[in-house]
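Have a look at this fold, sequence not included:
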């Protein structure tokens, strides 16, 4: 297995103005687009999937996970966070409003498994609040790099 | 058991990991897979765990459907699974 941790494109934006949930999703994908990890189709697909299936990407109070499928324009495994200047409503019954959007993309159906597992672990131990409290981009990037780094450490663990 | 989301890649995977933690805490040995909404309908699972907003869509796709709103609340998930499995006499 390739060491997924090394290949992850990571970036973050903080205090992003977003007028509505569509803008919030688009802004969370922008650093990935700028890095060339996804094509410009990707943010549009992330928005379309929510239009199609509802705001299921709002996983927890205040937190959304923007993502689409590998064939929607992912070139490299990637993860970004966007903290919003003002929270937005996604129309989720319990978890609105959202002030933190994570975006990830995987180039196939397997490469993201370790990263998402690490992300889930870190979200259970305070990652969302660490990102919310990150006043600058570098701080947020460091928090996301710790997630990617823990994938490298777990590689070969198989669980 | 299935955890389900719109795409079957991200949200459902995170939900699967936390569902596995909750099941372990309950001492339930279950196979959990994650998938998308349309695939879930044909997979004949015993239990489907999904966002509350999807449970109507999934009606009839499994004998037990557990609606979740906070994917990160492992304790809440454990309580919901405990109740749902007991109601079936599976626990």
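Here it is on my side, so go on. Keep in mind that what you see is a predicted model, and the values were worked out from it rather than measured. Numbering: from 1, shown residues only, chains lettered A, B, ... in the order given.

where does chain B come near chain A, residue by residue?
B:5-7, B:9-11, B:13-15, B:17-18, B:37, B:50-54, B:69-74 (CB under 8 Å from any CB of the partner chain). Using the backbone N, CA and C atoms, a C-beta is placed for each residue, glycine as well.

mind listing which of those residues are in strands?
Judged by DSSP state E, the residues of chain B next to chain A include B:5, B:50-51 as members of strands.

host element of the residue lying closest to residue A:55 once chain neighbours are set aside?
Leaving aside its chain neighbours, residue A:55 sits nearest to residue A:90 (3.9 Å; criterion: CB to CB, 6 or more residues apart in numbering or on different chains). Residue A:90 is part of no helix or strand when elements are defined by DSSP states H and E.

Quick one: residues contacting residue A:90.
A:21, A:50, A:55, A:57-58, A:64, A:96-98 (CB atoms under 8 Å, 6 or more residues apart in numbering or on different chains).

Need the pLDDT of it.
pLDDT for residue A:90: 98.

Quick check: it vs residue A:10, distance?
To residue A:10, residue A:90 is 24 Å away according to CB to CB, to the nearest Å.

Equivalent analysis for residue B:5, please.
23 Å.

Taking chain A, what residue is nearest to chain B?
Here chain A gets closest to chain B at one residue, residue A:53, 3.3 Å apart by CB to the nearest CB.

ok, residue B:5 and residue A:10, which is more surrounded?
Shown here are residue B:5 and residue A:10; by other CB atoms under 10 Å in any protein chain shown, residue B:5 has more neighbours (29 against 23).

quick one: contacts for that one?
Here residue B:5 is in contact with A:53, A:56-57, B:11-12, B:15, B:34, B:36-37, B:50-51, B:54 (CB under 8 Å, 6+ apart).

same thing but 7 Å
A:56, B:11-12, B:36, B:51 (CB atoms under 7 Å, 6 or more residues apart in numbering or on different chains).

which residues pair with it across the strands?
residue B:36 (DSSP bridges).

repeat for residue A:83
Beta-bridge partners, per DSSP bridges, of residue A:83: residue A:100.

What's the local residue count around residue A:120?
So residue A:120, with other CB under 10 Å, has 22 neighbours.

likewise residue A:150?
Neighbours of residue A:150 using other CB under 10 Å come to 18.

do the same with residue A:52
Residue A:52: 10 neighbours (other CB under 10 Å).

What residue, apart from its backbone neighbours, is nearest it spatially?
residue B:6 is the one closest to residue A:52 (CB to CB, 6+ apart), at 6.9 Å.

Wait, that neighbour touches residue A:53, no?
Yes: Residue B:6 is within contact range of residue A:53, at 3.3 Å (criterion: CB atoms under 7 Å).

got any residues that touch both of these two?
Common neighbours of residue B:6 and residue A:53 (CB under 7 Å, 6+ apart) are residue B:37.

Those two: which has the busier surroundings?
Remark: of residue B:6 and residue A:53, residue B:6 carries more neighbours, 26 against 20, as counted by other CB under 10 Å.

Tell me who's in contact with the more buried one.
A:49, A:52-53, A:56, B:36-37.

Just the closest of these to residue A:126, please.
residue A:56 (23.5 Å; CB to CB).

mind checking which helix or strand residue B:66 is in?
Using DSSP H and E, the element containing residue B:66 is strand B:64-68.

sorry, that was for residue A:24
helix A:21-34.

Provide the contact partners of that helix at residue level.
Outside helix A:21-34, the residues that reach it (CB under 7 Å, 6+ apart) are A:9, A:11-13, A:16, A:18, A:38, A:40, A:42-43, A:46-47, A:66, A:78, A:80, A:82, A:84, A:88-90, A:98, A:101-103, A:105.
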